[in-house]
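# Build the 3D model from these lines:
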Amino acid sequence: MLEWIIPIVLVLIVIFFIVVYNGLIVKRNRVKNAWSQIDVQLKKRANLVPNLVETVKGYAKHEKTVFENVTKARTAAISAGDNVQKKAQAENMLSGALKSLFAVAEAYPELKANENFKLLQEQLDGIESKIAYARQFFNDSVLAYNNAMQTFPNNVIAGMFGFKEKEFFEIAEAEKKVPKVSF
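Numbering: from 1, shown residues only. Purely as a prediction, here's the structure:
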């Protein structure tokens, strides 16, 4: 009887290792996929920005610094690579620059009535919503992965196979402040 127990226990241990390892792989791949989804939306936004800038430029020729800031922020966002912190910082800079651009657009009623501007603004609003959702999904995936990797007994297996903790996609402190509304 004892001769059957040892092989069964060994088989169960091997199965346990396989299940935990595969679970960590699935979660790590989900994080990679979530990051790719963010990247897709950020690229869509980056592609819309030049059209938006050109449309606003036609109405607000003297707002040169705003356009330069948007262009610099877009370039930084595109070239940030896959480092989560650098990408988050660059995207936050682009979000701030776009807010400035929309503030300039508010000063030109004829621009706000322009169909091209309305369409671009609607597309950008839609992409911003998708980016927010993709960031949330990414952070949820990172949380699930990090929790799985850090809890016992998974942490033993994760350490043996070199799994590393992932970083969350965080927004800048300035973006967290509640906007002031006054009439």
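# Mind checking the pLDDT average for the longest helix anywhere in the chain?
In the chain, with assignment by DSSP state H, the single longest helix is helix 2-57. Regarding helix 2-57, the rounded mean pLDDT is 89.
# Which residues does the helix or strand following it contact?
Next along the chain after helix 2-57, taking DSSP states H and E as the criterion, comes helix 64-78. Contact with helix 64-78 is made by 42-43, 46, 49-50, 53, 56-57, 60, 87, 90-91, 93-94, 96-98, 100-101, 104, as judged by Cβ atoms under 8 Å, 6 or more residues apart in numbering. (C-beta placed from N, C-alpha, C; glycine too.)
# can you do 6 Å?
46, 49, 53, 90-91, 93-94, 97, 100-101, 104 (Cβ atoms under 6 Å, 6 or more residues apart in numbering).
# same for the longest helix of the chain, what does it pack against?
With contacts defined as 3 or more Cβ pairs under 6 Å, 6 or more residues apart in numbering; DSSP states H and E, the packing partners of helix 2-57 are helix 64-78, helix 115-150, helix 154-160.
# Mind telling me which of the ones you listed the model trusts least?
Looking at the helices and strands packed on helix 2-57, the weakest mean confidence is helix 64-78, a mean of 82.
# For that helix, which residues meet the burial criterion?
66-67, 69-70, 73-74, 76-77 (16 or more other Cβ atoms under 10 Å).
# Going by neighbour count, list what's buried in stretch 92-102.
92-98, 100-101.
# so how far is it from its chain's centroid?
16 Å (Cα atoms, centre = their mean, to the nearest Å).
# So what's the model's average confidence on it?
Rounded mean pLDDT across stretch 92-102 is 83.
# neighbours around residue 131, how many?
If you count neighbours by other Cβ atoms under 10 Å, residue 131 ends up with 20.
# which non-adjacent residue is nearest it?
Leaving out its chain neighbours, the residue that sits closest to residue 131 by Cβ to Cβ, 6 or more residues apart in numbering is residue 41, at 4.5 Å.
# Alpha carbons only: can I get stretch 127-144 in CSV?
Output in CSV follows, covering the C-alpha atoms of stretch 127-144 (Å, rounded to 0.1, in the frame of the first residue of the first chain):
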residue,chain,number,x,y,z
ILE,A,127,-10.8,57.1,-27.6
GLU,A,128,-10.2,58.7,-24.2
SER,A,129,-13.0,56.6,-22.8
LYS,A,130,-11.5,53.5,-24.4
ILE,A,131,-8.1,54.4,-22.9
ALA,A,132,-9.6,54.8,-19.5
TYR,A,133,-11.3,51.4,-19.8
ALA,A,134,-8.1,49.8,-21.1
ARG,A,135,-6.1,51.3,-18.2
GLN,A,136,-8.6,50.0,-15.7
PHE,A,137,-8.4,46.5,-17.3
PHE,A,138,-4.6,46.6,-17.4
ASN,A,139,-4.5,47.6,-13.7
ASP,A,140,-7.0,44.9,-12.8
SER,A,141,-4.9,42.3,-14.7
VAL,A,142,-1.7,43.5,-13.0
LEU,A,143,-3.5,43.2,-9.6
ALA,A,144,-4.6,39.7,-10.3
